[in-house]
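Trainee: Let me see the structure of the following:
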Amino acid sequence: MSSASSLSGSWNQVLADYIHNPDRHAEDIVLQTSIVTVIRDKFAKAKIHLLVLPNSYIKNLSQLRRNHISTLRNMIEVGESLSNDYQNKSKGAFSFRLGFHAVPSMQYLHLHVISEDFHSPALKTKKHWNSFTTDFFLPAVEVLMTLEEKGVVDIDPAKYSELLKLPLQCHLCDETPKNMPALKQHLEDHLGNRQFET
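Mentor: Reported below is the predicted structural model:
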């Protein structure tokens, strides 16, 4: 195996290691049950950014089948419960979105639970931004409904990848910042002096 392919393989195993070797990642694991493991995203794109992983391996959305419905439902329930807890701590200052990247960077199904402040030094590129604020980000409940109705979740990678190239636009208003620094300043204006307990 070449060094490049070895790196790719190890990268795809990163999330699985949280499940199989939780002691190595105690600081990053928020919750672990018999069905799911919840971790903090190491490259969080907001003040709160969690990943909900199924303990039983599912590669991506395209591999979901009807027998995964209960697992997916549990992932969403856990994500909603955690986001509600954080909302209560912040006294409703921030809202959350729960969903999946249509074309994820890591091949282990993971549900994003992310606060909509998008305040993070790791949020650096237009691709980062558009992956959470365009239709590239598939709402978890809609994914579940699709799976319940059709028994599969069809993903066209080419279609969704084009969404990452869209111009920047604020997710809270119609502002279209010219670049990421301008977007970040604009987001600061929205946030104002709100405090968020993490």
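Trainee: Please make it C-alpha for all contacts and neighbour counts, starting now.
Mentor: OK.
Trainee: quick one, phi/psi of S115?
Mentor: S115 has phi and psi values of phi -80, psi 150 when expressed as degrees, to the nearest 10.
Trainee: Chain neighbours aside, what residue packs nearest to it?
Mentor: F96 (4.3 Å; C-alpha to C-alpha, 6 or more residues apart in numbering).
Trainee: hang on, isn't the one you found packed against H112?
Mentor: No - the criterion here is C-alpha atoms under 8 Å, and F96 misses it with H112 at 9.8 Å.
Trainee: Looking at the two, which is more packed in?
Mentor: Taking neighbours as other C-alpha atoms under 10 Å, F96 and H112 compare with H112 leading, 27 against 19.
Trainee: Spatially nearest residue to the more buried one, not counting backbone neighbours?
Mentor: Closest residue to H112 apart from its sequence neighbours, by C-alpha to C-alpha, 6+ apart: L51 at 4.9 Å.
Trainee: Was I right to think that neighbour contacts V38?
Mentor: Yes - here L51 reaches V38: they are 5.6 Å apart, a contact under C-alpha under 8 Å.
Trainee: Show the contacting residues for the residue nearest to H112.
Mentor: V38, I39, R40, D41, H110, L111, H112, V113 (C-alpha atoms under 8 Å, 6 or more residues apart in numbering).
Trainee: Which residues does stretch 110-122 contact?
Mentor: 43-54, 75-76, 79, 83, 94-100, 140, 184, 187, 191.
Trainee: What about the residues you listed, which are in helices?
Mentor: Under the assignment DSSP state H, the contacts of stretch 110-122 contribute M75, I76, G79, S83, A140, K184, L187, L191 to helices.
Trainee: dump the residue contacts of the third one.
Mentor: What it means is G79. Contact analysis of G79 by C-alpha under 8 Å, 6+ apart lists V52, L98, L111, V113.
Trainee: and with 10 Å instead?
Mentor: Counting by C-alpha atoms under 10 Å, 6 or more residues apart in numbering, G79 makes contact with 38, 50-52, 73, 85, 96-99, 111-114, 140.
Trainee: repeat for the fifth one
Mentor: Contacts of A140 were listed using C-alpha under 10 Å, 6+ apart, and they are 72-73, 75-76, 79, 97-101, 111-113, 146.
Trainee: What of the first one?
Mentor: Going by C-alpha under 10 Å, 6+ apart, M75 touches I35, V36, T37, V38, L51, V52, L53, P54, I69, H110, L111, A140.
Trainee: can you redo the residues you listed as TSV with distance to K165 and pLDDT?
Mentor: Converted to TSV, the contacts of M75 look like this (distance: C-alpha to C-alpha, whole Å; pLDDT from 0 to 100):
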residue	distance to K165	pLDDT
I35	36	98
V36	33	98
T37	32	98
V38	30	98
L51	24	98
V52	27	98
L53	28	98
P54	30	98
I69	32	98
H110	23	98
L111	23	98
A140	23	98
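Trainee: from these, which would you call buried?
Mentor: V36, T37, V38, L51, V52, L53, P54, I69, H110, L111, A140 (16 or more other C-alpha atoms under 10 Å).
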